[in-house]
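Participant: generate coordinates for the sequence data below:
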Amino acid sequence: MKRIILAGTLLLMTVASCSKDDEYDDPISSLNLVSPELTAYVNNTDQSTSPLTGFLDIYPCTKGTSVYFGNYIDEKLTVFNAFYPIENGEIYSGYYRKLLLPEDTYNLVYWGTPVSNDDTYDSPSIKNPEITLGADLSTLYLELRKNQKDDTYNPTFDLVYAVKEKNLASDDLSTSLDRAVAGLKVIVKTADDSQLSSNISTMEVRINNIAEKLNFYTAQPENKTKTVKFALNKSADGKQMTNGTVMLFPSDENPLLELNITLSDGSVHSVSKKLNTTLTANNRLTLTIIIGDTVGEDSSEKGYFTVRNWIENSETIEFPTIP
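Facilitator: Here you go, the predicted structure:
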């Protein structure tokens, strides 16, 4: 499975116990604990669904509330939530931590991280909340991780989310998951698709007005005041600077984009413009930036999981000259 072994990068993915697939449905009879079959879907914008490959965490809360109940391991109630690695919609053969609870109705909070073969940003990060038994998940947040050298933040992971009330005596764990983040792919090129100036050393994109955090219980974005930055890489033919799709918390309306170009002499040239597109959850924007050719010349278990597909948008902005 491509990249599926990269577990442990999001949420509470430290596996404290493990089970094989053929042990998945075995209850611990002394406590009447149950572990229902798990099926989940990622919703597409055309009302269809796609199988999930990635990781899925489930946080059970007391019925009708956002108060974290916990999960049983070795007949003991623990803080460790259920965790499942998923491949093509099914539980990946290997290690996972199943949901194991007394028969009752619970409010289940699902957070997942899809992994795909699409070209995506390779160094995402996130700040996870500290969760304890009895914690109110509606007061906790997933937060952007701040860069050490300045006041900017790093792109986040691809995140999908759902909340469902389930009676574990009769229901399985099936659910439909919605994306909680936006995607942005930037392509910088010249108007005639010629090679970019050899004087260009690096390019960096900064996107402003990005939410600082997502509510852990509702997935609602808050405080859309932060700036996320990421570098662009030159294509093999030298005609483009681009990036794998970066994942961002949703933005305020028409966020400001800044393009910083560093030349071989160390000088930095910057241009900026507000986007026509607002970065909303489950929307992926492909942004093409056309720059003038003068840059630098003057300054030398069985289960099924699916995820809703992206709403695709595209936008082009032009900078005839770079000051």
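
Participant: could you use CA atoms for every contact and neighbour count after this?
Facilitator: Noted.

Participant: any idea how many residues pack against the residue lying closest to residue 217 once chain neighbours are set aside?
Facilitator: Once flanking residues are discounted, residue 217 sits nearest to residue 138: 4.8 Å by CA to CA, 6 or more residues apart in numbering. Close neighbours of residue 138, defined as other CA atoms under 10 Å, add up to 15.

Participant: is it true that residue 213 touches residue 142?
Facilitator: Yes - with contact defined as CA atoms under 8 Å, residue 213 reaches residue 142; the gap is 5.5 Å.

Participant: which stretches of the chain have low pLDDT?
Facilitator: 1-30, 39-41, 43-47, 93-94, 293-312, 317-323 (pLDDT under 70).

Participant: can you pull out the helices in it?
Facilitator: In order along the chain, the chain carries no helices (DSSP state H).

Participant: what packs against the longest strand along it?
Facilitator: Longest strand of the chain, by residue count under DSSP state E: strand 200-215. Strand 200-215 is packed against strand 141-143, strand 221-234, strand 256-263, with contacts defined by 3 or more CA pairs under 8 Å, 6 or more residues apart in numbering; DSSP states H and E.

Participant: can I get those strands in CSV including mean neighbour count and distance to residue 110?
Facilitator: As requested, the helices and strands packed on strand 200-215 are exported to CSV (neighbours: other CA atoms under 10 Å; distance: least, CA to CA, whole Å):
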stretch, mean neighbour count, distance to residue 110
strand 141-143, 22, 13
strand 221-234, 19, 17
strand 256-263, 19, 32
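
Participant: report the contact partners of the spatially closest residue to residue 204 that is not a sequence neighbour.
Facilitator: Nearest residue to residue 204, sequence neighbours excluded (CA to CA, 6+ apart): residue 231, at 4.4 Å. Residues near residue 231 by CA atoms under 8 Å, 6 or more residues apart in numbering: 202-205, 243.

Participant: go with 7 Å
Facilitator: 203-205 (CA atoms under 7 Å, 6 or more residues apart in numbering).

Participant: ok, the spatially most central residue of the chain - contacts?
Facilitator: Most central in the chain under CA atoms, centre = their mean is residue 158, positioned 1.9 Å from the mean C-alpha point. By CA under 7 Å, 6+ apart, residue 158 lies in contact with 113-114, 181, 247.

Participant: against residue 252, how distant is the nearest residue in space to residue 209 that is not next to it in sequence?
Facilitator: Computed as CA to CA, 6+ apart, the closest residue to residue 209 that is not its neighbour in sequence is residue 225, at 4.4 Å. In this view, residue 225 and residue 252 are 8 Å apart by CA to CA, to the nearest Å.

Participant: and if you look at residue 72?
Facilitator: The value you get for residue 72 to residue 252, if CA to CA is used, is 41 Å.
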